[in-house]
Every structure is written in structure tokens, then in C-alpha cells.
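**Q** Provide a 3D model corresponding to the input given below.
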Amino acid sequence: MWDDLTKTALVGTDKAPITITNPTGTLKRVNSAIAGRDDESTLLALAGAATLQTMAGYIARETTAQLPVQADADERPVCSATAVQQLALRLLERDFRLMEEWVHLCNHSGQRIMEKYIPALLENMRSKPELSAALCNITGRRGAWLAQFQPAWQPIFTTKTESDWFAEGLPLETRLKTLRTRREQDATAARASLMQHIHSFDASDRAALVGVLAVNLSINDEDTLETLLKDKSKQVNGAAASLLAMLTDSHYVARMIDYAKNRVTINPAHNKKPLDVQFYTSPGREMERDGLRRPFDRALDEQTKWFTNIISAIPLAYWEQLTGADARTLMTLAVNTSDKKVMYTLFFGWEQAAIHYGRTDWMAIALELRLQHALLNMTMNRRLLVGPSVYTLASHFPAADVEAMVVTAFASKKRNAYLPLVCRHNWSHNFSIAALRFLADLTKNDQQIYIVSSVLVEAAYVCHPDVLSSVAGIFPHRDGKGHIPSTFNRAVESFTGVLKRRRDMWEAFCHDG
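**A** Numbering: from 1, shown residues only. Have a look, this model is predicted:
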């Protein structure tokens with residue numbers, strides 16, 4: 001066609017009429033649209049259209065491929081421009097903890113995010129299964145629609161039970177979610193399916209899949225778990241042992257009682273040594289098979305770990321009946337004993353048993369004694385937080401009750417800077433002020449500066465944002481040169497910066513906390 005147009009332009013429209021051989025696509029539509037114009041205008045229009053088509057490339061011909069059905073409209077309103085700006089900043093900063101809080105704020109507000117931010121948010125938060133429900137809500141139907149094109153996002157939106165949870169290529173989280181659902185619907189069938197396919201997976205995945213048996217766990221699972229104790233992987237072995245320890249009437253628990261009954265002496269009336277434990281020098285074959293080598297606390301020696309795992313599997317009613325003493329008496333004896341190995345073994349073991357068997361009376365005493373005796377950072381993780389078992393204990397009680405216990409502990413003799421971090425939830429305004437004043441008081445001792453600085457970094461993510469205006473009065477700027485003043489000032493600046501960003505997010509959603 002371009003040759004025809006060039007010939008007409010060179011010779012003239014009056015001598016060479018405009019002709020287009022077999023026009024198709026856009027040119028065919030252009031040719032129809034300009035019908036009736038004079039020859040010069042027609043020539044220029046067709047030349048322009050042909051040039052644009054050449055620059056842009058050929059238009060695709062019709063295809064039989066099926067386009068995806070359009071996503072349905074969402075009922076939730078889109079969040080405000082201010083809230084969107086806050087999300088954009090979180091994505092830019094890659095502060096995942098603030099990003100998580102933004103997700104919760106948006107969900108609680110009953111709003112959703114703008115469509116163009118859905119892919120970035122799903123990509124950053126896809127490794128957080130605990131956020132799945134919130135992400136489903138705030139990304140809406142468009143998020144679920146997009147997930148069909150990105151397998152990594154699909155576990156977030158998986159709601160139906162797949163019969164082939166063991167199929168190749170599925171993400172582990174999808175397998176676990178599907179198997180949990182099957183376990184809820186039919187515990188026996190799910191257990192049989194697990195045992196049929198479990199050896200197809202590596203040790204880490206096998207251990208995770210065994211953990212699903214905790215759903216609707218019953219004595220009917222005992223034989224299966226005893227079989228899994230023989231697994232060559234210590235991870236699987238330990239996962240099975242932990243579940244067997246939750247079955248009061250299991251043979252496993254009976255074996256734990258046999259291991260301990262002649263080696264633990266408890267005599268509350270004895271003034272010098274009310275508690276005594278004769279530790280095993282090495283575990284025998286049966287103890288090895290029972291998973292007693294599974295990790296408990298890296299800070300503990302091997303003998304203490306073994307015996308702590310034994311104690312944690314024994315129902316607390318056994319010790320109450322054996323001694324006639326209540327939870328407070330026994331736990332207080334354990335925490336006050338001069339033998340640290342005995343203290344760790346019995347106190348931590350009884351604490352774990354309380355968690356296994358849901359004994360909130362024992363859990364309350366354990367948490368109270370931990371706070372009073374500053375038994376917080378016996379197990380430290382990479383972010384310098386208190387031991388995970390403390391968080392587990394605290395999670396069984398209302399946030400206000402935990403805050404009250406921690407405030408009481410602020411006045412104890414063993415004042416530990418990590419005390420405020422026992423409250424992992426979003427702090428109330430009053431507790432935030434009390435906690436910051438407690439930390440500020442500790443900074444009078446320069447030796448506490450570094451610990452308080454690390455605590456402030458973590459507290460910024462849970463402290464009530466409305467205390468921002470009080471921070472300067474509680475933590476005045478430290479003058480002088482040196483490492484201590486600069487470390488403290490940087491920590492306060494970091495704390496204030498995070499708190500300000502959180503306050504801006506809260507205000508963007510009109511969140512009253």
C-alpha cells in the first residue's frame with residue numbers, strides 16, 4: 001500500500017487516483033472513515049495512518065485464545081489518598097513490620113487498597129500466612145483474580161479443600177492449609193492420607209505436616225504418632241513426641257512418668273533442699289526413640305534439656321497428687337532453689353506442661369514468677385526479645401491483665417529492662433507512659449543504656465503512637481561526646497521516627513487505638 005501512496009504523491013492525485021490493495025485492520029477502518037474527503041486530504045490521512053502502523057508494529061490478528069473473565073466489583077470502599085500515601089511509603093522503605101500494621105489498620109477500617117498497589121503488597125506479604133485473612137479482605141476480588149496468574153500468591157486465597165494436597169509443585173503452606181481443613185472435617189481420613197504420602201517429602205516438610213495432627217488430636221492418633229517416633233529425622237521425631245506429650249492417657253506420657261518418678265524428690269517441708277533431681281548421664285535407646293533430644297533451650301546443657309522434656313510431658317495433676325501441694329507452692333519452690341539446673345528443669349518443665357495441658361492456673365503463676373524474678377531473656381532470639389515461652393504464657397490472658405502484672409513487676413527488686421516487651425500487643429496509652437518512664441529511670445545507670453536502647457527499638461512498634469508528644473520530656477537529649485550519649489540519642493531518635501510513622505498511619509485511618 002505504501003508504494004501506491006508514494007506513486008500518487010509523486011505523480012499527483014489528478015493523474016494517479018488513490019488506490020489501496022486489500023486494506024485490512026486499522027487501515028481498512030481509516031479508509032472507511034475518510035470516505036468523501038477530497039483527494040489531497042485522503043492521501044495525507046492514509047499516509048499518516050500507514051506511517052503510524054509501521055512505527056507501532058502490525059496489529060495482532062484475531063485469535064481464538066480465551067481472555068480471563070473480568071473480576072467482580074468490590075463492595076469495600078477504597079482507602080483515602082492519605083492512607084494510600086502511607087502504604088506507598090511503607091513499600092518504599094521496605095519496613096515489613098509497619099507494612100503489617102498498615103494491613104491490619106486497613107482491614108479493621110473496612111476499606112481496601114487501590115488496585116495498582118495489590119501486586120506489590122501481595123509480593124511483600126506472601127510469606128506471612130497469619131495475614132492471609134486480612135490480605136483477602138483488603139485486596140478484595142481483584143486480589144483473588146490476580147492470584148490465578150501468580151502461583152506464589154495463591155496460598156493467600158486458597159479456601160477450598162483440595163483432594164490432592166500431596167500433589168507435586170504445591171507450596172508447603174497450601175499443603176498445610178488443605179490438610180488442616182481435611183483434618184477438621186474427617187480426622188481419621190486425614191491421618192490415613194498423611195501416612196500414605198508423608199515419605200514423599202523431606203524432613204522439614206514432614207515435621208510440619210506431622211504438626212497438622214494437632215488439629216482434633218485424640219488418643220486415636222497415638223499409634224500413628226508412636227510410628228512417627230521411629231522416623232530417621234529428629235525433626236519428625238520431635239514433632240511426634242510433642243504431640244504425644246499432649247495426650248494425657250498415652251503410653252508416651254506413662255513412659256515419661258516412669259523416667260521421672262524415682263529421680264525427682266519434692267519435699268516442701270525440707271528447709272535446705274526441698275527439691276532434688278538425679279539427672280541421667282546419657283539417654284538410653286528408649287529415651288532417644290522418645291525424642292528427648294529435641295531442642296528446648298540452647299542455653300541449657302544436654303542433661304537439663306532431656307529432663308525438662310520429660311517433665312513437660314507429665315500432667316500437672318500427677319505432681320499435685322504426689323505432693324499435695326498447689327501450683328504456687330511448687331513453682332515458687334522451683335524458682336527459689338539454689339540449684340540452677342534443678343530450677344530450669346522443674347520450673348520450665350512445669351511451665352511447658354501447663355501450656356500443653358491448658359492449665360491456666362499454673363500458667364498465671366509461671367508468668368507472675370517470671371516477671372518478679374526477671375526470668376525473661378533466658379532464651380534470646382535475634383531481635384533481643386524475651387523468651388518465646390513468655391509470650392506464649394502472656395497470650396492466654398487479656399492484654400489489660402498482662403499489662404497490670406508487668407506494671408507491678410516494674411516495682412520489683414529485680415528490675416529488668418526487658419519487662420515492657422512481655423506485652424507484645426499494641427500497648428494502651430497508660431501502659432505506654434508507665435513503660436517509658438520505667439525505662440527512663442533505668443537509664444540513670446549508664447550500664448543499662450545499651451539494653452534500654454535495644455528495647456526502645458522494639459517498643460516503637462507496639463507503643464501507643466499518641467505518646468509521641470511526651471517522648472522528649474521522658475527521654476531528654478543527652479549532651480556530651482562519647483559512645484553512651486550518642487547510642488542513647490540515636491535510639492530515641494529511631495524510636496521517635498517509627499512512632500511518628502505509626503501515628504501518621506493511625507490518623508490516615510482515623511484509628512482511635
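**Q** could you check how many residues crowd around D401?
**A** D401 sits with 13 neighbouring residues when counted by other C-beta atoms under 10 Å. Every residue, glycine included, has its C-beta placed from N, CA and C.
**Q** not counting stretch 432-442 itself, show me its contacts.
**A** 406-407, 410, 415, 417, 419-420, 423, 427, 448, 451-452, 455-456, 459, 463-464, 467, 470-471, 474-475 (C-beta atoms under 8 Å, 6 or more residues apart in numbering).
**Q** rerun that using 10 Å as the cut-off
**A** Stretch 432-442 is touched from outside by 403, 406-407, 409-411, 415-417, 419-421, 423, 426-428, 448-449, 451-453, 455-456, 459, 462-467, 470-471, 473-476, 492, 495, 499, 513, with contacts defined as C-beta atoms under 10 Å, 6 or more residues apart in numbering.
**Q** can you check stretch 164-175 too?
**A** Against stretch 164-175 from outside (C-beta under 10 Å, 6+ apart): 126-127, 129, 132, 151-156, 158, 162, 176-182, 190, 193-194, 196-198, 200-201, 204-205, 208-209, 212.
**Q** also stretch 91-103?
**A** Against stretch 91-103 from outside (C-beta under 10 Å, 6+ apart): 79, 83, 86-87, 89-90, 113, 117, 120-121, 123-125, 127-128, 130-131, 134-135, 137-139, 426, 458, 460-462, 498, 501-502, 505-506, 508-509, 511.
**Q** one step back: which of the contacts of stretch 164-175 are buried, as a PyMOL select command?
**A** In PyMOL, selecting the buried portion of the contacts of stretch 164-175, with burial taken from 16 or more other C-beta atoms under 10 Å, looks like this:
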select buried, resi 126+129+132+153+154+155+156+158+162+176+177+178+179+180+181+182+190+193+194+197+198+201+205+208+209+212
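**Q** can you name the residues that contact the residue lying closest to R289 once chain neighbours are set aside?
**A** Distance criterion C-beta to C-beta, 6 or more residues apart in numbering; nearest residue to R289, sequence neighbours excluded, is L229 at 5.7 Å. Taking C-beta under 10 Å, 6+ apart, we find L229 in contact with 236-241, 244, 252, 288-291.
**Q** and which of the residues you listed is nearest to Y259?
**A** Distance to Y259, by C-beta to C-beta, is smallest for D290 among these, at 8.4 Å.
**Q** in helices, which of the contacts of L229 fall?
**A** Within the contacts of L229, residues falling in helices by DSSP state H are 236-241, 244, 252, 288-289.
**Q** please spell out the PyMOL selection for the buried subset of those residues.
**A** Here is the PyMOL command that selects the buried residues among the ones in helices among the contacts of L229 (16+ other C-beta under 10 Å):
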select buried, resi 236+237+238+239+240+241+244+252
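**Q** I'd like the ones in helices among the contacts of L229 as TSV, with distance to S41 and pLDDT appended.
**A** Below are the ones in helices among the contacts of L229 laid out as TSV (distance: C-beta to C-beta, whole Å; pLDDT from 0 to 100):
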residue	distance to S41	pLDDT
V236	81	92
N237	85	89
G238	84	88
A239	80	91
A240	84	93
A241	87	91
L244	89	93
Y252	92	95
E288	93	82
R289	93	84
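**Q** turn the ones in helices among the contacts of L229 into JSON lines, columns for distance to T443.
**A** Shown next, in JSON lines, are the ones in helices among the contacts of L229 (distance: C-beta to C-beta, whole Å):
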{"residue": "V236", "distance to T443": "47"}
{"residue": "N237", "distance to T443": "47"}
{"residue": "G238", "distance to T443": "42"}
{"residue": "A239", "distance to T443": "43"}
{"residue": "A240", "distance to T443": "48"}
{"residue": "A241", "distance to T443": "44"}
{"residue": "L244", "distance to T443": "48"}
{"residue": "Y252", "distance to T443": "49"}
{"residue": "E288", "distance to T443": "49"}
{"residue": "R289", "distance to T443": "52"}
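**Q** what ranges does the stretch 151-300 of the chain have for its strands?
**A** With DSSP state E, counting those that start in this stretch, the ranges of strands along the stretch 151-300 of the chain come out as 264-266, 275-277.
**Q** by contact count, what packs against the first one?
**A** Helices and strands in packing contact with strand 264-266 are listed as strand 275-277, helix 302-312, helix 316-323, helix 327-336; criterion 3 or more C-beta pairs under 10 Å, 6 or more residues apart in numbering; DSSP states H and E.
**Q** show me the one of the ones you listed that comes nearest Q53.
**A** Nearest of these (C-beta to C-beta): helix 302-312, 75.2 Å.
**Q** related to what we said a few turns ago, to D3, which of the helices and strands packed on strand 264-266 lies closest?
**A** helix 302-312 (87.2 Å).
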